[in-house]
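Peer 1: take a look and give me a structure for this.
(chains A, B and C)
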Amino acid sequence: MVVLVDEEFVEAVLSLVERIPPGRVMSYGAIAEYLGRGGPRQVGAVMSHYGGPVPWHRVVAANGRLVPGHEVEATKRHRREKTPMKGERVDIARAGWWPDADLNG
DNA sequence: GGAATGACGATAA
DNA sequence: ATTATCGCCATTC
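Peer 2: You can find the predicted model right below:
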């Protein structure tokens, strides 16, 4: 099914998700914003089709909602990574990560 | 080309 | 805090 509309876009998304460190998360919008290509829906679409081999559980909705269909799985993993959370949701205010955030010395 | 869909986001009530 | 609606962007039928 070669639905690779933009292999480059897929690579960029997966590559970025791989860069998300443990205990941190990025929202679909943040990823789309960083890449500057498409929108949050496109990032989510890529994840649903090619987000298998990457730490998808570190990608959450802007409101901290975990990945639909894998809420339990994602929650378990965050518990292992000590991700800052508020009940069933991730505390984006504390766990929100950005590539530049790691450059800060 | 047009309508419907989707791992989203923001706003209104 | 929760539910409902509109907007965004590209894919799919």
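Peer 1: DNA strand B contacts on chain A?
Peer 2: By CB under 7 Å from any atom of the strand, the residues of chain A that approach DNA strand B are A:27-30, A:40-45, A:47-48, A:51-52, A:56, A:59, A:61-63, A:67-70. C-beta here means a position set from N, CA and C on the backbone, and glycine is covered the same way.
Peer 1: how about the strands in chain A?
Peer 2: Along chain A, counting by DSSP state E, strands occupy A:26-27, A:59-60, A:85-86, A:89-90.
Peer 1: isn't residue A:83 up against residue A:95?
Peer 2: Yes: between residue A:83 and residue A:95 there is a contact under CB atoms under 8 Å: 5.4 Å.
Peer 1: what residues do those two have in common as contacts?
Peer 2: Jointly contacting residue A:83 and residue A:95 under the rule CB atoms under 8 Å, 6 or more residues apart in numbering are A:23, A:24, A:25.
Peer 1: quick check on these: which are buried?
Peer 2: Among the shared contacts of residue A:83 and residue A:95, those buried by neighbour count (16 or more other CB atoms under 10 Å) are A:24, A:25.
Peer 1: what is the nearest of the shared contacts of residue A:83 and residue A:95 to DNA strand B?
Peer 2: residue A:25 (10.8 Å; CB to the nearest atom of the strand).
Peer 1: need the buried ones from the residues of chain A next to DNA strand B selected in ChimeraX.
Peer 2: Buried members of these can be picked out in ChimeraX with the line below, counting by 16+ other CB under 10 Å:
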select /A:27,28,30,40,42,43,44,45,47,51,56,59,61,67
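Peer 1: take the residues of chain A next to DNA strand B and keep only those in helices.
Peer 2: Taking DSSP state H as the definition of helices, the residues of chain A next to DNA strand B contribute A:28, A:29, A:30, A:40, A:41, A:42, A:43, A:44, A:45, A:47, A:48.
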